[in-house]
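> any chance you could fold what I've pasted below:
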Amino acid sequence: MRTTLELGQELGYAKLSIEAIAARAGVGKHTVYRRWPSKGALLLDSLLSRSASALDYPDSGDLRADLRRQIHEAVGLLAGGPLSPLFKSLVGEAQHDPGVAEALNERFIAPQAAKTVARLEAARDQGQLSPDFDLDLAMAILSGPLYFRLLITGEPLTPEYVDRVLDALFAGMAPRP
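The predicted structure is shown next:
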């Protein structure tokens, strides 16, 4: 997996191949194919091995601060770090490869969404959020603008932009007097 990330950064996703990965890692390509059916699946596992725990939510008792910290961490990994081009390529590959799409959703998107909703539920139970606010919608509102910039417009994902998204979301989620 380390070789996949190194080679992916050097060559880019389009030129990355199982054969090149196997050769650099000093194993046969059949060894790689026994575990991963495609370079997309291998890249997904490689990316997740580097970032999964960094995307866990803290629970400091301050929902806004916790969301801000986690989203800034995610933006740093997915949009600002050296692996960003590989993540973008993987999302692109998911548009053409149903197996990659399913794995990406099952192993990254859905777990991250569940963590976000769980953190929002805890905050709602503590009275920090309106009891009738749709938490799945809150998750979509949080992630949509980030993915829009990351994958569609290419505009930078800055801390200031993340803060603006959070401000807009919190304006709608606040408990009503």
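> in stretch 112-128, what counts as buried?
112-113, 116, 119-120, 122-124, 128 (16 or more other CB atoms under 10 Å). For the C-beta atoms, the positions are set from N, CA and C on the backbone; glycine is no exception.
> identify the residues contacting that stretch?
55-57, 59, 61, 63, 66-67, 70, 74, 129-131, 133, 135-136, 138-139, 142-143, 175 (CB atoms under 8 Å, 6 or more residues apart in numbering).
> report the buried members of the residues you listed.
The neighbour-count test (16+ other CB under 10 Å) marks 55, 57, 63, 66-67, 70, 74, 129, 133, 135, 138-139, 142-143 as buried among those.
> nearest to Arg107 among those?
Leu55 (12.2 Å; CB to CB).
> contacts only, for that closest one.
Neighbouring residues of Leu55 by CB under 8 Å, 6+ apart: 70, 73-74, 77, 112, 115.
> please, which helix or strand holds the closest residue to Arg24 other than its chain neighbours?
Excluding the flanking residues, the one nearest Arg24 by CB to CB, 6 or more residues apart in numbering is Thr3, at 5.0 Å. Applying DSSP states H and E as the criterion places Thr3 in helix 2-11.
> what's the answer for Val91, then?
Per DSSP H and E: helix 84-94 holds Val91.
> hang on, the residue nearest to Arg24 packs against Ile21?
Yes: contact between Thr3 and Ile21 holds when scored by CB atoms under 8 Å: they sit 5.6 Å apart.
> what stretches of the protein score poorly on pLDDT?
Where the chain drops to pLDDT under 70, the residues are 51-54, 173-177.
> any idea how far Ile152 lies from Gly8?
According to CB to CB, to the nearest Å, Ile152 and Gly8 sit 22 Å apart.
> an error on my part: the question was meant for Ala171.
Distance from Ala171 to Gly8, counting by CB to CB: 40 Å.
> between these two, which is the more surrounded one?
Taking other CB atoms under 10 Å, Ala171 and Gly8 do not tie; Gly8 has more neighbours (25 against 8).
> ok so, going back, ok, the buried ones among the contacts of stretch 112-128 vs Asn105, which is closest?
Nearest to Asn105 among these is Ser143, at 12.7 Å by CB to CB.
> where's that closest one, which helix or strand?
Counting by DSSP H and E, Ser143 is part of helix 135-147.
> which element is the nearest residue to Pro131 once chain neighbours are set aside on?
Distances taken as CB to CB, 6+ apart place Arg124 nearest to Pro131, at 6.2 Å, with adjacent residues excluded. Applying DSSP H and E as the criterion places Arg124 in helix 110-125.
> now do that helix against helix 135-147, angle only.
Angle, helix 110-125 to helix 135-147, by axes from the mean of the first three to the mean of the last three CA atoms, to 10 degrees: 130 degrees.
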